[in-house]
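**Student:** Turn this into a structure:
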Amino acid sequence: MKRTIYAGNVSVEHVGENVTIKGWVQKIRNHGGVLFVDVRDREGVVQTVWPDFFNSIHADLLVAIKPEEVVEISGSVRRRPEESVNHQMKTGEVEILGSDIIRISSTLPLPFEISREIQVKESLRMKYRYLDLRRESLSKNIFFRSKISKLVRDFFHRNGFIEVETPLIVKYTPGGARNFLIPSRLFTGKFFALAESPQIYKQLLMIANFDKYFQLSKCFRDEDPRSDRQIEFTQIDVEMSFIDELEVMRLIEDLFYVLWKEILNIELVQPYKILTYHEAICRYGTDKPDLRFGLEIEDLTSIFQHSTFQYLREASFVGGIICRKASKISRKYLQGYDEFIKSQGGKGVKVFKLDEEEKDPEVFKVLKTKYYFQPGDLLLVMGGEKFHSLELLGLLRKNIIEVENIIPDKEFELVWVVDFPLFELNNEGNITSKHHPFTSPLVEDIPLFSTNPLMMRARSYDIVVNGVELGGGSIRIISRDIQQEVFKTLGLSDKDIEEKFGFLLKALSFGAPPHGGIALGFDRLVAILLGEESIREVIAFPKMTSTYDPLTDAPSEVEYQQLKNLHIKVEE
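**Tutor:** Numbering: from 1, shown residues only. Coordinates of the predicted model:
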C-alpha cells in the first residue's frame with residue numbers, strides 16, 4: 001500500500017483515521033499479550049499497538065520482528081489512555097491500533113544500538129555511517145543543516161544576489177592551500193586541480209557584470225588533519241561590486257541576525273565589535289579572540305624594568321594576565337601552566353600574589369595603583385620576544401579558561417578582525433600571502449612594496465564567533481600593475497606570472513569594477529548554531545581526522561591500466 005503519513009507526523013488531528021506508515025522498527029515491548037511496536041521514519045517515532053497479538057493473523061511475524069527491520073503497518077489512529085501519554089515524544093498523545101503489518105526487509109545483527117543515544121567509537125560510527133545517521137541526534141543535525149542552507153539561499157535571493165555555480169575542476173595555481181591534482185588522460189603530463197575555493201571565478205563574475213554573486217560551494221584542500229577541518233568542505237561564497245569593507249560586513253551581520261533568530265531565537269546585537277589585527281594580538285594573543293571572557297593580556301614591560309627578577313627586568317617584552325579572585329587556584333594547576341608555557345618554547349610563568357609584595361615592592365606599587373591588584377588576585381607573567389610571548393600568553397589565556405571552567409559572560413560574542421598583514425614569512429623564511437594574493441593592500445601602504453612589504457596591511461576582514469574563525473574576506477585588487485607587484489613580491493618570475501595568472505591579468509585589463517567579498521565556513525556555521533564541537537557531527541558523510549573514510553575504505557589502490565592511461569607510475 002501507499003504510505004499515507006510519516007510516522008513522526010501522526011497527531012491527535014488524525015484520531016479515527018486509517019493510516020499506513022513505513023519505516024524502521026525502533027523498539028518492541030510485550031506487555032502481557034499486548035505488543036507495542038515503535039516505528040521510526042525521518043520525521044520521528046510513533047507507537048503501534050497489537051492487543052492479543054498471539055491470536056492475530058500476523059502472530060508469526062509479530063513474534064519474529066526485530067529492531068531495525070523495515071516494516072509497513074496499517075491501522076487506525078486513537079488517543080492513548082491518559083496515564084500512558086508520553087510528553088517526551090512528538091507523537092506521545094496517540095498510537096496506531098495495528099491491523100496489518102508487512103516485513104519489507106530484515107536486518108543483520110547491528111554493530112551498535114541505534115534506538116538509544118549511547119557512546120560509540122567514532123571509527124565504528126563512520127564505518128556504518130548510514131546506520132549512525134538513523135540516530136535521532138545526528139538525523140536532526142542533517143535536517144537542521146538543510147533548513148539553514150535554505151535560510152541562507154532565501155536571504156541572498158531577497159537581497160538581489162544571483163546564485164552561480166563555478167567549476168570544481170580548475171587550473172592549478174600556486175599559493176594558498178595545497179591542491180588536489182587531477183592528471184589529464186588527454187594531455188600527457190598535465191594536470192587539473194580540484195578548486196580550493198571559487199576565488200578567481202567570482203572575481204571574473206564581477207568583471208562580467210554579475211555584481212551580486214553567491215553560492216554554497218564545495219571546496220577541496222589537501223591539508224594536514226585537523227579536528228575542525230575536512231579535505232572537502234562547503235563554504236558560503238559571496239562577492240559584490242561597488243562596495244567597501246563595511247558594506248560586506250553589514251551584509252553578513254544581517255545574514256547572521258536571520259540565522260540566529262530563526263534557529264536559536266536569539267537576536268544578535270548589531271553592529272559587531274571591530275578589532276584590528278594588531279589590537280587582537282596584543283590584547284588576546286590571537287587573531288581569533290574569544291571575547292566572552294575577560295583575562296586580557298597586559299603589557300607590563302615598563303613596570304618590570306624595575307623588577308628584582310633579572311630575566312623579567314632584561315626581557316624585551318613582559319606580558320601578563322590578571323586572574324581576579326583566583327587565590328584558590330591550586331599549586332598543581334599553576335605548575336601545569338608553567339610547564340605548558342615551557343613546552344611551547346617559553347621560559348615559564350612567574351606567579352605574583354599580593355601577600356608576596358615584599359619580594360618586588362616597586363612592581364606591586366604600580367600593580368595596585370594602575371591595575372587595582374587586590375588580595376586574592378593572581379598575576380601570571382612571562383617575558384621574551386614580543387610576538388612569540390603574546391602568542392604564548394594567548395594559549396595560556398585559553399588554557400586558564402578551560403582548566404578553571406570559567407563561565408562566559410554571553411552565549412555568543414561576534415567580532416570582526418581587520419587590517420591583517422598583507423604578507424608574512426613561511427617556515428622557510430619566504431614571503432607568502434597572509435590570506436591570498438588577490439587581496440588589496442591599504443592605499444597608504446602601497447609605497448611599502450619597494451621598502452618593507454612585511455609591514456603592508458590588507459583590506460581584509462575575518463568574522464570570529466566565540467574564538468572560532470567562521471570566515472574571512474577582503475576587497476580585491478583591480479589594478480593589473482598592483483596585482484603583478486604582489487606576484488613579484490611572492491617570488492614569482494614574469495614567466496610564472498604569465499603562465500599561472502595571465503588570464504586573470506588580462507581580465508583585469510578589460511574594466512574591472514571595485515569589488516570584494518567573503519567566504520564563510522558553512523560546516524562550522526552549522527556546528528556553532530547546533531552547539532556541536534566537531535563539524536563531523538553536521539556533515540552526512542565526513543572523513544576521519546586522518547582523512548581516511550572507513551565507510552568506503554578510501555583512499556584505495558587502483559588498477560595498473562588506469563594509472564597507465566593517465567601516464568602515472570607509482571614508485572615503491
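
**Student:** which residues touch the helix or strand harbouring Tyr333?
**Tutor:** Here Tyr333 sits within helix 331-343, counting by DSSP states H and E. Residues outside helix 331-343 that contact it (Cβ atoms under 8 Å, 6 or more residues apart in numbering) are 347-349, 351, 378, 380, 382, 392, 395-396, 399-400, 403-404. Every C-beta, even on glycine, is put in place using the N, C-alpha and C of the backbone.

**Student:** Mind doing that once more with 6 Å?
**Tutor:** 348-349, 351, 392, 399, 403 (Cβ atoms under 6 Å, 6 or more residues apart in numbering).

**Student:** just the residues you listed now: which is nearest Ile102?
**Tutor:** Val403 (57.0 Å; Cβ to Cβ).

**Student:** Now do the buried residues in whichever strand or helix holds Leu251.
**Tutor:** According to DSSP H and E, Leu251 maps onto helix 245-264. By neighbour count with 16 or more other Cβ atoms under 10 Å, helix 245-264 contains the buried residues 245, 248-249, 251-253, 255-257, 259-260, 262.

**Student:** likewise stretch 295-310?
**Tutor:** So stretch 295-310, judged by 16+ other Cβ under 10 Å, has buried residues 295, 297-298, 300-301, 303-304, 307, 309.

**Student:** Same question for stretch 143-154.
**Tutor:** Applying 16+ other Cβ under 10 Å to stretch 143-154 flags 145, 148, 151-153 as buried.

**Student:** Out of those residues, which sit inside helices?
**Tutor:** Taking DSSP state H, the ones among the buried residues of stretch 143-154 that sit in helices are 145, 148, 151-153.

**Student:** how about the residues you listed, which pair is most distant?
**Tutor:** Arg145 and Arg153 (12.8 Å).

**Student:** Report pLDDT for Ala177.
**Tutor:** Ala177 is assigned 68 on the pLDDT scale.

**Student:** swap that for Phe187, please
**Tutor:** pLDDT at Phe187 comes out at 92.

**Student:** How much space separates it from Asn159?
**Tutor:** The gap separating Phe187 from Asn159 is 41 Å, by Cβ to Cβ, to the nearest Å.

**Student:** higher neighbour count, these two?
**Tutor:** For Phe187 versus Asn159, neighbours defined as other Cβ atoms under 10 Å are more numerous around Asn159 (13 against 10).

**Student:** what separates Tyr311 from Ser302, distance-wise?
**Tutor:** Tyr311 is 16 Å from Ser302, by Cβ to Cβ.

**Student:** meant to ask about Lys127, not that
**Tutor:** 59 Å.

**Student:** cool, Phe54 as well?
**Tutor:** From Phe54 to Ser302 the distance is 88 Å (Cβ to Cβ).

**Student:** same question, Glu232
**Tutor:** Applying Cβ to Cβ to Glu232 and Ser302 gives a distance of 50 Å.

**Student:** The stretch 251-400 of the chain: helices as residue ranges?
**Tutor:** Here the stretch 251-400 of the chain has its helices, by DSSP state H, counting those that start in this stretch, at 277-284, 301-304, 310-313, 331-343, 361-370, 386-403.

**Student:** Redo those as TSV? Include distance to Pro67 and mean pLDDT.
**Tutor:** Output for the helices of the stretch 251-400 of the chain, formatted as TSV (distance: least, Cβ to Cβ, whole Å; pLDDT from 0 to 100):
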stretch	distance to Pro67	mean pLDDT
helix 277-284	50	97
helix 301-304	66	92
helix 310-313	65	87
helix 331-343	46	82
helix 361-370	65	87
helix 386-403	39	91
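
**Student:** mind checking which of these is nearest Asp445?
**Tutor:** Asp445 lies closest to helix 277-284 among the helices of the stretch 251-400 of the chain, at 13.1 Å (Cβ to Cβ).

**Student:** How about residues contacting the closest one?
**Tutor:** 287, 289, 296-297, 390, 394, 417, 419-420.

**Student:** Can you say which of those residues are buried?
**Tutor:** Judged by 16+ other Cβ under 10 Å, buried ones among those: 287, 289, 297, 390, 394, 417, 419-420.

**Student:** Show me the residues you listed that map onto strands.
**Tutor:** Secondary structure from DSSP state E places 297, 417 of the buried ones among the contacts of helix 277-284 in strands.

**Student:** which regions of the stretch 401-550 of the chain lie under the pLDDT threshold?
**Tutor:** In the predicted model, the stretch 401-550 of the chain carries no residue with pLDDT under 70.

**Student:** hmm, 90 instead?
**Tutor:** Where the stretch 401-550 of the chain drops to pLDDT under 90, the residues are 401-410, 426-430, 533, 545-546.

**Student:** how about the helices of it, start to end?
**Tutor:** Counting by DSSP H, counting those that start in this stretch, the helices of the stretch 401-550 of the chain are 480-489, 494-508, 522-530.

**Student:** Would you format those helices as JSON lines with mean neighbour count and distance to Leu35 included?
**Tutor:** Listed next are these as JSON lines, based on neighbours: other Cβ atoms under 10 Å; distance: least, Cβ to Cβ, whole Å:
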{"stretch": "helix 480-489", "mean neighbour count": "18", "distance to Leu35": "72"}
{"stretch": "helix 494-508", "mean neighbour count": "15", "distance to Leu35": "69"}
{"stretch": "helix 522-530", "mean neighbour count": "23", "distance to Leu35": "36"}
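
**Student:** if we compare those helices, which one ends up closest to Arg29?
**Tutor:** Among these, if distance is taken as Cβ to Cβ, the winner is helix 522-530, at 31.4 Å.

**Student:** counting contacts, what elements does the closest one pack onto?
**Tutor:** The helices and strands touching helix 522-530, judged by 3 or more Cβ pairs under 6 Å, 6 or more residues apart in numbering; DSSP states H and E, are helix 136-158, strand 232-241.
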